[in-house]
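Visitor: Sequence first, predicted model second:
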Amino acid sequence: MFALAQPRINGVGTAVPEHQVPQAEAKRFFVDLFREGDLDVDRLSSVYDNAQIDTRYFCTPLEWLAEDRSFEEKNTRYIEHAPALGAEAAKRALDEASITPREVHSIVVVSSGGISVPSLDARIIEKLGLSRHVTRKSLFGLGCAGGVNGISHAADYAR
C-alpha cells in the first residue's frame with residue numbers, strides 16, 4: 001500500500017482587466033440594464049450586496065456593455081483579452097513558486113467568458129512558452145463553480 005502525495009499550492013497569480021468599477025456602480029448598472037425585462041431585478045441584485053466584492057473589473061467600459069452587440073463581437077473581445085490575462089496570472093504564479101515555464105507538466109484553464117479556437121489553454125501555453133506536450137484540461141461553461149472544479153482537476157494531476 002502507498003500514500004498519495006498531497007498536492008499543494010506553491011504560487012498564486014492574479015491579473016485583472018483595466019476598467020475598474022465599484023460594486024455599487026456595477027449593481028446600479030445591472031439594475032438599469034435589466035429593469036425593463038422579465039427578471040426579478042430586485043431579488044437578483046441582492047447578490048451584489050452579499051458577494052463581499054468591493055471592485056469589479058472589465059475589459060471594456062460599462063458603456064460598451066450596455067450596447068446591444070452580437071455574440072461574435074463580444075467573443076472577439078474575449079479572445080483579445082482572456083489569453084493575455086490568463087498568461088499574466090500564470091506567469092505571476094510561476095514567479096512566486098520559483099518555477100520556470102519549462103518545468104510545467106500540466107495546465108488547467110477554467111473560463112466561462114467566451115469560446116476560443118484554438119482554445120484558451122493553447123493560447124496561454126503559447127504565450128508562456130510552455131512545452132506543447134503539457135497535459136491540458138480546459139473547462140468551459142461552469143460559471144463560478146468552475147474554479148473549484150479546476151482545482152480538483154489540478155489536484156488530480158499533481159497526485
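Guide: Now that the structure is in, tell me what you want to look at.
Visitor: Low-confidence ranges, the protein, go.
Guide: Counting by pLDDT under 70, the chain has low-confidence residues at 1-4.
Visitor: okay, which residue is most central for this structure?
Guide: residue 111 (5.0 Å; CA atoms, centre = their mean).
Visitor: Is that residue in contact with residue 82, as I believe?
Guide: Yes: shown here, residue 111 and residue 82 form a contact pair, counting by CB atoms under 8 Å, at 6.3 Å. All C-beta atoms are positioned from the backbone trio N, CA, C, and that covers glycine.
Visitor: quick one on the thing from earlier: quick check: phi and psi at the nearest residue to the residue nearest to the centre of the chain once chain neighbours are set aside.
Guide: The spatial neighbour of residue 111 that comes closest, neighbours along the chain excluded (CB to CB, 6 or more residues apart in numbering), is residue 120 at 5.4 Å. Backbone torsions for residue 120, taken as degrees, to the nearest 10, come to phi -60, psi -40.
Visitor: Show me which helix runs longest in the protein.
Guide: helix 71-97 (DSSP state H).
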